[in-house]
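Novice: Have a look at this fold, sequence not included:
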């Protein structure tokens, strides 16, 4: 049976993957074409981890202990900082990804990552056992949503690299990298 501690482990894994993605994005204009493809793969892996964690969070039985849930919310706040940082880097690197002709691939990755992040965040908010934790979760979700909107607006007309998406998804699904 799943517990809140399992959810804590899931969010720790999400944080590690988000940190790796953020680190890869830190190279900015030094990112090459192959690096961009690898970044898309890291995004796919993070998306898969978010989807799995959202499903597992829905399966944690009630009642959820408020103290354990607070640990999850605190980790979600940590994830918020990393996510917003990565999304700002993606937004600021748009022109470079255009030059590499992979901005369309980044847009596809953002769409999938945004949907998975939204499902995960919404699930955490719904499962929060107290009004205070629910409010904290809503604040975290709102901050990430704003950063995703900025990034999606920047990539609204992006094209290029979409043909690489299927390869990345297959590789990410096969990978057990943590």
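Specialist: Arrived safely. Computed from a predicted model, the values in this text were never measured in an experiment.

Novice: mind checking how far the helix or strand residue 115 falls within is from the chain centre?
Specialist: Here residue 115 sits within helix 103-127, counting by DSSP states H and E. Chain-centre distance of helix 103-127: 6 Å, with C-alpha atoms, centre = their mean, to the nearest Å.

Novice: what does stretch 52-65 give?
Specialist: 18 Å.

Novice: for this protein, which spans come out with low pLDDT?
Specialist: Applying pLDDT under 70 to the chain flags the ranges 164-178.

Novice: what about the helices in it?
Specialist: According to DSSP state H, the chain carries its helices in the segments 4-25, 33-59, 66-92, 94-99, 103-127, 131-154, 165-174.

Novice: mind giving me JSON lines with the ones you listed and columns for mean neighbour count?
Specialist: C-beta coordinates here come from the backbone N, C-alpha and C atoms, glycine included. Below are the helices of the chain laid out as JSON lines (neighbours: other C-beta atoms under 10 Å):
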{"stretch": "helix 4-25", "mean neighbour count": "19"}
{"stretch": "helix 33-59", "mean neighbour count": "20"}
{"stretch": "helix 66-92", "mean neighbour count": "19"}
{"stretch": "helix 94-99", "mean neighbour count": "16"}
{"stretch": "helix 103-127", "mean neighbour count": "21"}
{"stretch": "helix 131-154", "mean neighbour count": "17"}
{"stretch": "helix 165-174", "mean neighbour count": "14"}
